[in-house]
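**Q** Next input, structure requested:
(one chain, ligands or ions: 4)
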Amino acid sequence: MQRVFSAIMENGHSADFEAADERGNSIWRLHEGISNPSRAVNLQDLRRLQTSVTKPRQDEGVNQQQLDSLSETLKSTARLKGPTVQKGEGQASKVPPSPKKAPGSHHQFVAAMSDSGLKGTTVYHNATPAELYEKAMTFEPGTHLVSSGALATLSGAKTGRSPKDKRVVRESGSENNIWWHKGSNGSPNFEMDEHTFILNRERAVDYLNMLERLYVFDGFAGWDPQSRIKVRVVCARAYHALFMHNMLIRPTDSELATFGTPDFTIFNAGAFPVNRHTSYMSSSTSIDVNLRSGEMVILGTQYAGEMKKGVFSIMHYLMPKIGILSLHSGCNEGKDGDVSLFFGLSGTGKTTLSTDPQRPLIGDDEHCWSDTGVFNIEGGCYAKCIGLKQSSEPEIYKAIRFGCVLENVVFDENTRNVDFESNAVTENTRASYPIDYIDNAKVPCMGGHPKNLILLCCDAFGVLPPVSRLTTSQAMYHFISGYTAKVAGTEEGVTEPEATFSACFGGAFLMWHPMKYGVGKRIKLRNTRAIIDAIHSGELAAAQTETTPIFNLEVPTSVTNVPSEVLKPINAWKDKSSFNDTLEHLADLYTANFEKYASGGGFVNAEVASQILDAGPQRSDGGRRQSNGNARFSLVL
Ligand SMILES: Nc1ncnc2c1ncn2[C@@H]1O[C@H](COP(=O)(O)OP(=O)(O)OP(=O)(O)O)[C@@H](O)[C@H]1O
Ligand SMILES: O=C([O-])CC(=O)C(=O)O
Ligand SMILES: [Ca+2]
Ligand SMILES: [Mn+2]
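**A** Numbering: from 1, shown residues only. Ligands and ions are numbered 1, 2, ... in the order given. I've put the predicted structure just below:
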């Protein structure tokens with residue numbers, strides 16, 4: 001008996017292996033024959049056969065205009081014009097044509113002679129996830145394929161956002177509209193001047209121009225065609241391009257071909273630090289927004305969340321200007337088209353709870369509410385994945401597949417299985433995936449006016465009931481207050497849950513004054529889900545309620561599938577009098593925090609402001625609480 005195997009050798013010849021079993025011995029012989037079954041004569045040839053073009057590259061045939069636009073984006077003041085931009089593989093070494101010398105222009109001559117002026121740049125423009133995978137795995141250390149097909153990567157030294165390093169340019173066009181950081185007013189908008197912005201922009205652009213290869217992603221923010229904006233992301237890492245491919249709304253081929261000039265451009269030079277001698281800089285990180293030029297510069301952090309929240313900040317500025325409310329919320333829709341919004345600070349469950357097999361997902365994090373209804377700003381989701389289990393979050397688990405970016409997770413080197421329990425790199429492990437990776441996503445991501453507004457609050461004090469029904473004024477009061485806890489990891493430096501008031505549950509992203517936008521142990525996820533089901537079924541709207549002291553919250557006396565003792569937090573306290581002290585203390589914090597909004601900030605009149613104020617915590621005898629002015633956070637965990 002004889003078996004013959006053929007193999008193709010690199011030189012194009014074939015080799016036959018013979019195996020004979022005479023007297024039980026196997027004999028292997030090697031022939032080299034020219035009976036070549038291959039259509040290639042060498043490996044290079046073979047590789048050429050491996051691929052074909054069934055569909056032109058999205059950006060092909062399109063167009064000098066696009067190349068010019070990319071070149072314009074990458075222009076620095078060190079060069080006369082933008083770099084010569086080449087798309088695709090390895091053509092960067094072509095020397096760009098030297099610019100025509102304008103008569104009498106000395107500056108042109110100087111710029112053309114600079115080394116950076118001679119350099120061309122290879123740009124991967126709206127490259128596919130597969131291409132970005134390859135580049136990221138080849139060039140970005142710590143980037144690997146895991147067993148589910150997702151791309152696991154490291155974001156470097158920063159594994160959460162850096163809110164203290166976020167700056168907004170003070171310029172005449174927008175300065176009167178911005179809620180500037182001042183003292184302890186809670187505003188996230190630290191100011192910088194235009195000149196300093198230009199210094200940081202130049203630093204970022206020069207850094208990007210010196211690289212061998214760059215990635216650009218052009219996409220949209222906002223599903224409503226009327227108010228969407230065009231966003232361009234220029235970045236050094238393929239991981240960042242894939243992240244924004246997931247998070248922005250992906251353009252169709254023809255939308256890309258006619259994309260034109262972006263409304264907002266992000267320069268992500270995150271691997272490169274700021275120059276700390278530059279004014280305003282307080283660390284090696286700076287995230288700078290310029291509303292006049294429509295640009296954002298990122299230096300000194302590679303955490304991808306900065307980009308998505310940069311887009312959010314811009315929308316938070318532009319949308320209220322045209323009468324559209326922008327919201328840090330998740331959103332889904334019931335069978336009858338009833339829309340729910342889930343507000344909550346980072347890590348409180350917007351993604352987890354808006355992803356619901358019974359309710360099509362409109363979006364998990366950033367929405368706008370206009371006269372016609374709601375629309376998502378993004379094209380993807382960003383889920384926290386610490387402790388993620390297939391059993392409790394099956395839809396998200398399933399989305400962690402090819403195309404998904406996994407940030408800072410730990411995986412087994414051999415099996416490549418992810419250990420979602422591990423916080424070895426950070427508590428803030430994350431998964432980013434296109435929204436259509438969730439089976440029941442509603443695309444386009446738009447819906448009607450919301451029916452239920454759910455304020456998710458993580459109460460580190462453990463005194464607020466797990467669910468209560470709010471009056472309109474109470475909803476306004478609690479929305480503006482934004483009492484919750486910062487969970488560990490999402491912001492640099494937060495390692496324990498930390499009680500905070502984050503206006504509109506997204507204080508870190510507000511651009512206008514909050515009034516412009518609107519007027520222990522964690523509860524088990526399965527209980528929260530049961531409560532949300534009861535909201536959606538209408539059970540809670542009709543439920544019997546009891547009113548709590550001080551906060552006057554209407555708490556249902558029972559909820560299907562939720563143990564009734566869970567509904568009253570006092571049950572979890574051994575020492576009942578310290579429960580009451582803590583409740584009083586929290587009420588003081590609310591009152592002190594609200595003082596800065598009590599006047600309405602010019603956005604609501606005194607009467608409305610006073611109604612909202614009355615919806616806050618009261619004295620036990622029913623009167624309005626006065627701030628004692630010395631409230632301090634002290635945690636009861
Ligand atoms: N009762 C609960 N309700 C909601 N989430 C819970 C609960 N208990 C634990 N969790 C966990 O909390 C995390 C919530 O993360 P999620 O991504 O949903 O936050 P988010 O509000 O979308 O925040 P961000 O704006 O930072 O993305 C998940 O890891 C989830 O498993
Ligand atoms: O921005 C991030 O890193 C994640 C997020 O959605 C948030 O913090 O609200
Ligand atoms: Ca999320
Ligand atoms: Mn968020």
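**Q** Show me what from this structure comes close to ligand 3.
**A** 351, 382 (CB under 5 Å from the ion). In this view, the C-beta of every residue, glycine as well, is placed from N, C-alpha and C.
**Q** can you pull the buried residues of the top helix by length along the chain?
**A** Using DSSP state H to define each element, the chain has its longest helix at helix 576-594. Neighbour counts over helix 576-594 (16 or more other CB atoms under 10 Å) mark 579-580, 582-594 as buried.
**Q** Against residue 419, how distant is whatever residue of the chain ends up closest to ligand 2?
**A** Residue of the chain nearest ligand 2, by CB to the nearest ligand atom: residue 305 (2.6 Å). For residue 305, the distance to residue 419 (CB to CB, to the nearest Å) stands at 22 Å.
**Q** Between these two, tell me which one has more neighbours.
**A** Neighbours were tallied for residue 305 and for residue 419 using other CB atoms under 10 Å; the higher tally belongs to residue 305 (25 against 12).
**Q** could you check whether stretch 345-355 is close to ligand 2?
**A** Yes: counting by CB under 6 Å from any ligand atom, ligand 2 is contacted by stretch 345-355 at residue 346.
**Q** sec struct for residue 240, please.
**A** Judged by DSSP: H, G, I helix; E, B strand; the rest coil, the three-state class of residue 240 is helix.
**Q** which other residues reach stretch 561-577?
**A** Residues from elsewhere that reach stretch 561-577, judged by CB atoms under 8 Å, 6 or more residues apart in numbering: 459, 462-467, 520-521, 523, 527, 530-531, 533-534, 555-559, 579.
**Q** Select only the buried ones of those in PyMOL?
**A** The following PyMOL line selects those of the contacts of stretch 561-577 that are buried, judged by 16+ other CB under 10 Å:
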select buried, resi 459+462+463+464+465+466+467+523+527+530+531+533+534+555+556+559+579
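**Q** Keep the contacts of stretch 561-577, but drop any that are not near ligand 1.
**A** Among those, the ones lying near ligand 1 by CB under 6 Å from any ligand atom are residue 523.
**Q** residues contacting residue 406?
**A** 146, 150-153, 385, 400, 418, 429-431.
**Q** which one of those sits closest to residue 611?
**A** residue 430 (39.6 Å; CB to CB).
**Q** Tell me the bridge partners for the closest one.
**A** With beta bridges defined as DSSP bridges, residue 430 has these partners: residue 384, residue 407.
**Q** I'd say it and residue 388 touch.
**A** No: with contacts defined as CB atoms under 8 Å, residue 430 does not count as touching residue 388, sitting 10.4 Å away.
**Q** These two - which one has more neighbours?
**A** Ranked by neighbour count (other CB under 10 Å), residue 430 and residue 388 place residue 430 first, with 25 against 19.
**Q** Pull up the residues of the stretch 301-450 of the chain that are close to ligand 1.
**A** Within the stretch 301-450 of the chain, the positions lying close to ligand 1 (CB under 6 Å from any ligand atom) are 344, 346-353, 364-365, 382-384, 386-387.
**Q** Tabulate the contacts of residue 406 (CSV), appending pLDDT and distance to residue 205.
**A** Below are the contacts of residue 406 laid out as CSV (pLDDT from 0 to 100; distance: CB to CB, whole Å):
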residue, pLDDT, distance to residue 205
146, 98, 34
150, 98, 32
151, 98, 27
152, 98, 30
153, 98, 24
385, 97, 34
400, 98, 34
418, 98, 36
429, 98, 32
430, 98, 28
431, 98, 31
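**Q** Derive a ChimeraX selection command for the buried subset of those residues.
**A** A single ChimeraX command selects the buried members of the contacts of residue 406 (16+ other CB under 10 Å):
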select :146,150,151,152,153,385,400,418,429,430,431
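**Q** tell me which of the contacts of residue 406 is nearest to residue 78?
**A** Using CB to CB, those come closest to residue 78 at residue 153, 31.1 Å.
**Q** who does the closest one bridge with?
**A** Under the criterion used (DSSP bridges), residue 153 bridges to residue 407.
**Q** what's the straight distance from one end of stretch 255-265 to the other?
**A** Terminal residues of stretch 255-265 are spaced 17 Å apart (CA to CA, to the nearest Å).
**Q** Contacts for that stretch, please.
**A** 58-59, 62-63, 65-66, 69, 73, 126, 218, 220-221, 229-234, 251, 294-296, 311, 314.
**Q** residue ranges with poor pLDDT in this protein?
**A** By pLDDT under 70, the weakly predicted segments of the chain are 1-37, 56-62, 80, 86-114, 497, 514-520, 627-637.
**Q** Residue 626 is in what secondary structure piece?
**A** Using DSSP states H and E, residue 626 is not contained in any helix or strand.
**Q** Can you give me every residue that contacts the closest residue to ligand 1 within the stretch 501-637 of the chain?
**A** Closest contact between the stretch 501-637 of the chain and ligand 1, by CB to the nearest ligand atom, is at residue 528 (3.7 Å). Contact analysis of residue 528 by CB under 8 Å, 6+ apart lists 349, 353, 466.
**Q** Using the three-state scheme, assign it.
**A** helix.
**Q** which SS class is the nearest residue to residue 525 once chain neighbours are set aside?
**A** With CB to CB, 6 or more residues apart in numbering as the criterion, residue 525 has its nearest non-adjacent residue at 5.6 Å, and that residue is residue 392. Put simply, residue 392 is coil when judged by three-state DSSP.
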